[in-house]
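Participant: Got a predicted structure here, sequence first:
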Amino acid sequence: KKRFSVTTQRYRDELQIHPQQAWEQNQLQKATLRFGSKDRKPTDYQFVFEGQIDFLKAAVMDTDGVSVKVDKQQPTSESSVKKSKLNEDRKDLPIYPYKDALLQAVQDHQVLIIVGETGSGKTTQIPQYLHEAGYTKNGGKIGCTQPRRVAAMRVAARVSHEMRVKLGHQVGYSIRFEDCTSEKTVLKYMTDGMLLREFLREPDLASYSVIMVDEAHERTLSTDVLFGLVKDVARARPDLKLLISSATLDAEKFSDYFDCAPIFKIPGRRFPIDIHHTKAPIADYVDAAVVTALQIHATQPQGDGDILIFLTGQEEIETAESIIKHRIKGLGTKIAELITCPIYANLPAELQAKIFEPTPEGARKVVLATNIAETSLTIDGIKYVIDTGFCKIMCYNPRTGTESLLVAPISKASANQRAGRSGRTGPGKCFRLYTAHSYMNDLEDNTIPEIQRTNLANVVLLLKSLGIKDLLNFDFMDRPPTEALLKALELLFALGALDEDGKLTKVGEKMAEFPLDPMLSKMIVASDKYKCSAEIISIAAMLSVGNSVFYRPKDRQVQADNAWMNFHIGNVGDHIALLKVYNSWKEINFSTQWCYENYIQVRSMKIARDIRDQLEGLLERVGIELNSNVNDLEVVKKSIISGFFPHAARLQKSGSYRTVKHPQTGHIHPSSGLSQVLPRWVVYHELVLTTKEYMRQVTELKPEWLVEVAPHYYQLKDVEDSSSKKMPRGIGLASYK
Ligand code: CDP
Ligand code: MG
């Protein structure tokens, strides 16, 4: 006779059948096996069902010759059942068998490089192990950095769930403009950029006992700079433990850099993966990805696994999502349900959680992700990966000082990581939307570290504020191009943040307090002089939420456009239009209805309000008075120019614009309120390269303001309008005949 020990009300009242039958009929989806794993059929394991403790009754029943004991002694409650389930899950992770060895290694060595395949449990488990082992006992925190905001938030949410604590209490996260931690926080997940900023307040990281620089293989700019800083701190603080964790196997480089630190390898479990390439190159990879996903869904057995598509960004993801939804309708009702789950950096938190929810019985999930799902986030249940072969990367041209977010081919290392996402829980399949030849010959082995292809102004300002004088000899793992470093120094000098000797000025000190791009910080610092800081921080906050303020539903484009034009009356320019949006919303008591009527995303507005509140706090910190000067738009524009004067551009005959120094051509983006106006002189916020080089967020200016605001940068001759200049008599074209 097999014995089941059942503790539940549900058994008595709802399940009129044998537990094993119930299990087989999926009526016990929420039941967990006390011993053994969820996938194993209940045999002689003890059952623990979810149920209320009040209802537990002792009884012994005989069903089909099997004795079922409902046991009241078993102290169980809903939460303890969930907890034990979570604990089982934690023990299933590849890292679990190495827990003790890992803790020993951390104890024996100050710096440790940890390598383990994505999903092995590095990010979620290691900080917990260390916490349990007492590394937070003496008040020290464990800090774990993530290159991506979404990853920091999700992982913290997951860990707080596993530890059964409220997010923001013992376990918290900190990302730019959002601090979800408290006095109690001992496990702190944060973006690498946030830890960088913490150096400003606490150069020796005294409040931490452990720093884990996670996802080190991503080699983001901030992570690379962190390497240099934490290496230094570790030398000065022998009590600090430093962990560098990475998903790729070439950890030797990290080890070499950190004075031959030992490498701890967590053997991964990877099932075989079938990789398919296309026979010929593909023109429209978004469409091809959708077609492939639908084919998989229609032809592969129902419920055998979910699909993960790698795309380059929000726009593509939204396009793909709407095509899938549209086409699935056309396939009729015979086809099983296909649930689309987008995930990208700007996706609101409440929607992010959706991708981690288990797929309902009989349905299939298709996750549409940027390369965030490559290594930072693990989604369970993926069996099929569709790899478009592209991602967005930031490219910087040190000659012109312009940055552009470009869609570029991924590296072989990325392609392999992407494929690997399909073979985590069983054999997987990866469909690459590029040819095998292209994989072999066109893809680079590794992505170039960000530090070698980005604008360094931000980082240079931060390092200068930390008192690092000689940047050219800073201990970088991979050196940035000297040209880019010099360019950054040059810009900071032009902005007045550095003096001629490269030392930080008072203005520079203030600028460094703002977690913003130096040009934006300068704009804010300058607003003090023009007595319009209230307006300028609203503009800075609105610019910081990105291009997601307005929306334009397909069926109401005309209405949406009309609504926006209201904010552009008088061709005030995009910066002022954003200010008007913010102020109008504030005047109407931050009304959601108002946003709705004006085709404005209330979510973005709320973020802008939060950012603005924080900027207001920082104003006080650096001693800038909050002044409003809403009726004088000229001073607002002058403040903007004080930060953005290098982005002043003059209209050409062709209808395009050209910057004055380091000539760079651009066009006003069609979404700008000035795209039809074409003023003679403009200042732009950013230049993006899509089909053309587009200037986004544009405001008209008077050229003499440039000379007034930045006399060290512009002279009258730079901004004089050659077209209006009279030609000296006799030197016309005719004289050359
Ligand atoms: O860092 P690493 O890639 O080694 O693994 P991890 O992020 O610690 O993830 C370990 C496991 O936790 C994954 O397999 C997921 O099943 C789970 N997890 C989750 O369910 N939800 C999250 N937000 C993060 C992780
Ligand atoms: Mg991880």
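Facilitator: In hand now; what should we look at? Ligands and ions are numbered 1, 2, ... in the order given.
Participant: only C-alpha atoms for contact and neighbour calcs from this point on.
Facilitator: OK.
Participant: quick one: secondary structure of residue 406?
Facilitator: Under DSSP: H, G, I helix; E, B strand; the rest coil, the three-state class of residue 406 is strand.
Participant: Equivalent analysis for residue 447, please.
Facilitator: Per three-state DSSP, residue 447 ends up coil.
Participant: which residues does it contact?
Facilitator: 410-411, 413-414 (Cα atoms under 8 Å, 6 or more residues apart in numbering).
Participant: Close to ligand 1: what parts of the protein are there?
Facilitator: 117-125, 154-155, 158, 377-378, 380 (Cα under 6 Å from any ligand atom).
Participant: Relative to residue 250, which of those is nearest.
Facilitator: The closest of those to residue 250 turns out to be residue 117 (Cα to Cα; 11.9 Å).
Participant: Tell me the buried residues in the longest helix along the chain?
Facilitator: For the chain, the helix with the greatest residue count under DSSP state H is helix 602-622. The neighbour-count check on helix 602-622 (16 or more other Cα atoms under 10 Å) flags 602, 604-605, 607-609, 611-616, 618-619, 622 as buried.
Participant: now do stretch 138-158
Facilitator: Buried positions in stretch 138-158, judged by neighbour count with 16+ other Cα under 10 Å: 140-158.
Participant: do the same with stretch 439-446
Facilitator: Result for stretch 439-446 [16+ other Cα under 10 Å]: buried residues 439, 443.
Participant: could I have it exported to PDB, CA atoms only?
Facilitator: What follows is stretch 439-446, C-alpha atoms only, in PDB (Å, rounded to 0.1, in the frame of the first residue of the first chain):
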ATOM      1  CA  TYR A 439      27.800  33.500 -39.100                       C
ATOM      2  CA  MET A 440      31.300  32.200 -40.000                       C
ATOM      3  CA  ASN A 441      32.600  35.200 -41.900                       C
ATOM      4  CA  ASP A 442      30.700  38.400 -41.100                       C
ATOM      5  CA  LEU A 443      30.200  38.200 -37.300                       C
ATOM      6  CA  GLU A 444      33.000  39.400 -35.000                       C
ATOM      7  CA  ASP A 445      34.100  37.000 -32.300                       C
ATOM      8  CA  ASN A 446      33.100  39.400 -29.500                       C
END
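Participant: Tell me the pLDDT of the residue nearest to residue 637 when sequence neighbours are not counted.
Facilitator: Nearest non-adjacent residue to residue 637, counting by Cα to Cα, 6 or more residues apart in numbering: residue 701, 7.4 Å away. On the pLDDT scale, residue 701 is placed at 95.
Participant: show me the contacts for residue 701.
Facilitator: Under the criterion of Cα under 8 Å, 6+ apart, the neighbours of residue 701 are 637, 681-683.
Participant: Give me the subset of those residues lying in strands.
Facilitator: With strands taken from DSSP state E, the overlap with the contacts of residue 701 comprises 681-683.
Participant: Which of those sits closest to ligand 1?
Facilitator: Closest approach to ligand 1 among the ones in strands among the contacts of residue 701 (Cα to the nearest ligand atom): residue 683, at 41.5 Å.
Participant: quick one: residue 560 is in a helix?
Facilitator: Yes. According to three-state DSSP, residue 560 belongs to a helix.
Participant: Done for today, thanks.
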